[in-house]
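> Provide a 3D model corresponding to the input given below.
(chains A and B)
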Amino acid sequence: MTANRRSWPRATAYLLPFLVGTAIFTVYPIVYLLIVAFQEDYNILTREFSQFGLSNFEAVLRDPDFGNAARNTALYTVIVVPVTISLGLAIASLLARIRFLRPFYQTALFLPLVTSSVAIGMVWKYIYNADYGLLNFLLSTIGLDPVNWLNDPRWNMPALVIFGVWSALPFTILIFVAALQSIGEQYYTAARIDGATVVQRFFRITVPLMGSTIGLVAVLNLIDSSKVFSELFPLFNGSPGAGFSLYTVVYYIYEQLSAEWDLGRAAAASLLLFAAVLVLTLLQAVLQRTRRRRS
Amino acid sequence: MRESALNRIVSHAALIAASAIMLFPFIWMLLSAFKSPTEIATVPPQLLPAELRFGNFAFALETGRFDQYFLNTFIVAASVVLLSLLTSVLAAYALAFFDFAGKTALLALAVAFMMVPFEVLVVVNYDTVVQWGLVDTLVAQILPFTTSILSTLILTNAFRKVPATLRVASRIDGASSWAFLWRVVVPMNRPSLVTVSVLSAIASWNAFLWPLLVTNTTEKRTLTIGLYNFITEGGVRYERLMAASAVVIVPMVIVFLLLRRQIINGVSTQGMKQ
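Numbering: from 1, shown residues only, chains lettered A, B, ... in the order given. Purely as a prediction, here's the structure:
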């Protein structure tokens, strides 16, 4: 205990810059968010408010725009996460057992990790162009009609989903490869001796042993895709899709802040988003635990 | 027992196809950046430009003001990397080498706070920047990222692997704990320092929501915001847009090619940590 007390002043000196920065830009925002969300009629310039209450949450939950945003975000997430996980696991299980050409594959598959989604989104915008975009040309070669990906509200979601899966795949593959490499080679060798095919090995060994990693990656992707926002700016010139077809929760928060200057509503909306993410994260943890107990 | 030859050929074929799809937008961007306005809009699409035209790049840098954006982005990213590295190294040193009451609680709190996405913190941080009168400054783009819980935790783990005997030896030699940090701990942990630096550089370079909120003018914009304004203010000219996008993307691609292993390791620990 004496050693502890003597270490305090020195430790604090080293910790101080970190603690100050984190206190101002991480801890204080969370605490203040919990307060300001309950302050009615908050004015960002004067910091005045009328009273404490639930009116911000009421306003957000009654707002048809927020309902639309929540529905779009949920739909996007529900499609992107399973597609990304399935494709990611398939590609990762190929990559994990291969040495030849591995640096090339890693470079090609992981490059989007370091890429600005706004910048590469501009390339997707060009690929999606209705008149001379590459995707419609490819569709025409197999005899399909051109699609107005970016201006027809019905096709906005598929366009965003394709771009979203492409963006989420590298991280997913990377984590899966790391986890797969920790699975012992002996399982696969034994299965091969027993005459199991590649597909059987995938479903009987890889998938069961990867259960917890799949859960983890699912949650991480879920958190990420529930924040879908910056991808909209290149594709739709900053609008949330044609006719607000892709209005998302973070876009709603952004608009409350930048257009309405309504900090209270923005705070209420971001707490709702955080709560939804937290519930799903905890749910995954609980499912994981019961699964582990059963096996 | 080895994988059958057929299996391996099929695996490589599938991986080549996946790689081609992931890589294609980058190649398409680079090729299109050299095209003329006619070449960019031909049907069927034309793969290669007839000649290497650098005019689109010149337009982006001069008329599109990407020279200014590039400089701003560089200043912001370099400041974020240096400052967050400094604060993280100091904090990680205390967490790895000193025993003090409440350390375990502090670490647990740090992990909990790391789980809150920046998109949630943005609301109050915007309020802070407005109150401090820092809207439309480079400082506003740097300040919230001068500390990083993730970097601090990665470095704490790395520093813990420094043998305790080294510390005892340096103390016998009369070295202060400050000297031990900079002469022994920091040089020994160069790979981890590179990893956290490159992760924060990538995050800062590609940041979008935060600079979008806190900048208003050309003089203070970073590349990603400049690129967005490039399409809203100037209309869409794809050959110029592809050149401008390349200006944003290529520096990070070069960083990736040079530091691939560190980035892959860093991202996978980042994923496993959460």
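
> kindly state the pLDDT recorded for residue A:163?
Residue A:163 is assigned 97 on the pLDDT scale.

> tell me the SS of it?
Under DSSP: H, G, I helix; E, B strand; the rest coil, the three-state class of residue A:163 is helix.

> check residue A:159 too.
Residue A:159 ends up helix, using three-state DSSP.

> now do residue B:244 against chain A, distance only.
8 Å (C-beta to the nearest C-beta, to the nearest Å). Backbone N, C-alpha and C define where each C-beta goes, glycine included.

> could you dump stretch B:175-182 to PDB, C-alpha only?
Provided in PDB are the C-alpha atoms of stretch B:175-182 (Å, rounded to 0.1, in the frame of the first residue of the first chain):
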ATOM      1  CA  ALA B 175      18.600   6.500 -14.600                       C
ATOM      2  CA  SER B 176      15.300   8.200 -13.800                       C
ATOM      3  CA  SER B 177      12.000   6.700 -14.800                       C
ATOM      4  CA  TRP B 178      11.800   9.400 -17.400                       C
ATOM      5  CA  ALA B 179      15.100   8.400 -18.900                       C
ATOM      6  CA  PHE B 180      14.100   4.700 -18.800                       C
ATOM      7  CA  LEU B 181      11.000   5.500 -20.800                       C
ATOM      8  CA  TRP B 182      12.800   7.300 -23.600                       C
END
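
> so the helix or strand where residue A:77 lies, near chain B or not?
Counting by DSSP states H and E, the element that carries residue A:77 is helix A:64-95. Yes - using C-beta under 8 Å from any C-beta of the partner chain, helix A:64-95 comes into contact with chain B via A:90-91, A:94-95.

> buried residues, that helix. List them.
A:66, A:68-70, A:72-73, A:76-77, A:79-81, A:83-85, A:87-95 (16 or more other C-beta atoms under 10 Å in any protein chain shown).

> and for stretch A:269-279?
A:269-274, A:276-277.

> rewinding a little: export the residues of helix A:64-95 next to chain B to a markdown table and tack on pLDDT?
Shown next, in a markdown table, are the residues of helix A:64-95 next to chain B (pLDDT from 0 to 100):
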| residue | pLDDT |
| --- | --- |
| A:90 | 92 |
| A:91 | 94 |
| A:94 | 90 |
| A:95 | 91 |
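
> of those residues, which pair is most distant in space?
A:90 and A:95 (9.9 Å; C-beta to C-beta).

> which elements pack onto the host helix or strand of residue B:87?
Here residue B:87, judged by DSSP H and E, is contained in helix B:66-97. Contacts defined by 3 or more C-beta pairs under 8 Å, 6 or more residues apart in numbering or on different chains; DSSP states H and E place helix B:66-97 against helix A:2-22, helix B:55-62, helix B:103-114, helix B:138-142, helix B:149-159, helix B:190-206, helix B:223-234, helix B:238-258.

> for the record, mean pLDDT for it?
96.

> how far off helix B:149-159 does it point, in degrees?
50 degrees (axes from the mean of the first three to the mean of the last three C-alpha atoms, to 10 degrees).

> can I get the helix or strand hosting residue A:109 as PDB, trimmed to CA atoms?
Element membership of residue A:109 [criterion: DSSP H and E] is helix A:102-110. In PDB, the C-alpha atoms belonging to helix A:102-110 read as follows (Å, rounded to 0.1, in the frame of the first residue of the first chain):
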ATOM      1  CA  ARG A 102      -0.500 -14.600 -50.000                       C
ATOM      2  CA  PRO A 103       1.100 -11.100 -50.000                       C
ATOM      3  CA  PHE A 104      -0.600 -10.300 -53.300                       C
ATOM      4  CA  TYR A 105      -4.000 -11.500 -52.000                       C
ATOM      5  CA  GLN A 106      -3.600  -9.600 -48.700                       C
ATOM      6  CA  THR A 107      -2.800  -6.400 -50.600                       C
ATOM      7  CA  ALA A 108      -5.700  -6.700 -53.000                       C
ATOM      8  CA  LEU A 109      -8.300  -7.800 -50.400                       C
ATOM      9  CA  PHE A 110      -7.300  -5.400 -47.600                       C
END
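
> return the set of buried residues in it.
A:105-110.

> which other residues reach it?
A:91, A:95, A:98, A:169-170, A:173-174, B:15, B:18-20, B:22-23, B:256-257, B:260, B:263-264 (C-beta atoms under 8 Å, 6 or more residues apart in numbering or on different chains).

> got it, and stretch A:222-229?
A:73, A:76-77, A:80-81, A:160, A:164, A:168, A:248-251, A:254, A:273, A:276-277, A:280-281, B:117, B:119, B:208-209.

> can you do 7 Å?
A:73, A:76-77, A:80-81, A:164, A:168, A:248, A:250-251, A:254, A:273, A:276-277, A:280, B:117, B:119, B:209 (C-beta atoms under 7 Å, 6 or more residues apart in numbering or on different chains).

> mark which of the contacts of helix A:102-110 are buried, thanks.
Judged by 16+ other C-beta under 10 Å, buried ones among the contacts of helix A:102-110: A:91, A:95, A:169-170, A:173-174, B:15, B:18-19, B:22-23, B:256, B:260, B:263-264.

> I figured residue B:194 was touching residue B:261, is that so?
No - with contact defined as C-beta atoms under 7 Å, residue B:194 does not count as touching residue B:261 (10.0 Å).

> the two: which has the busier surroundings?
Neighbours per residue, other C-beta atoms under 10 Å in any protein chain shown: of residue B:194 and residue B:261, the larger number sits with residue B:194, 16 against 13.

> what pLDDT does that one get?
pLDDT, residue B:194: 94.

> so what's it up against?
Counted by C-beta under 7 Å, 6+ apart, residue B:194 has contacts B:259, B:262.

> please apply the same query to residue A:266.
A:253, A:256-257, B:123.

> pLDDT weak spots in the chain?
The chain I'm using is chain A. Residue ranges of chain A with pLDDT under 70: A:1-7, A:291-295.

> if you could check chain B rather than the one you did, that'd help
B:1-3, B:234, B:271-274.

> from chain A, how far off is the one residue sitting closest to the centre of it?
Nearest residue to the geometric centre of chain B (C-alpha atoms, centre = their mean): residue B:202, 0.9 Å. For residue B:202, the distance to chain A equals 5 Å [C-beta to the nearest C-beta].

> hmm, residue A:112 and that residue touching each other?
No - Residue B:202 is beyond contact range of residue A:112, at 11.5 Å (criterion: C-beta under 7 Å).

> show me which residues of the stretch 101-250 of chain B are close to chain A?
B:101, B:113, B:116-117, B:119-121, B:123-127, B:130, B:144, B:146-147, B:149, B:152, B:177, B:202, B:206, B:208-209, B:213, B:224, B:227-228, B:231-232, B:238, B:241-242, B:245, B:248-249 (C-beta under 7 Å from any C-beta of the partner chain).

> contacting residues around the nearest residue to residue B:191 once chain neighbours are set aside?
Distances taken as C-beta to C-beta, 6 or more residues apart in numbering or on different chains place residue B:262 nearest to residue B:191, at 6.6 Å, with adjacent residues excluded. Residues near residue B:262 by C-beta under 7 Å, 6+ apart: B:191, B:194-195, B:198.
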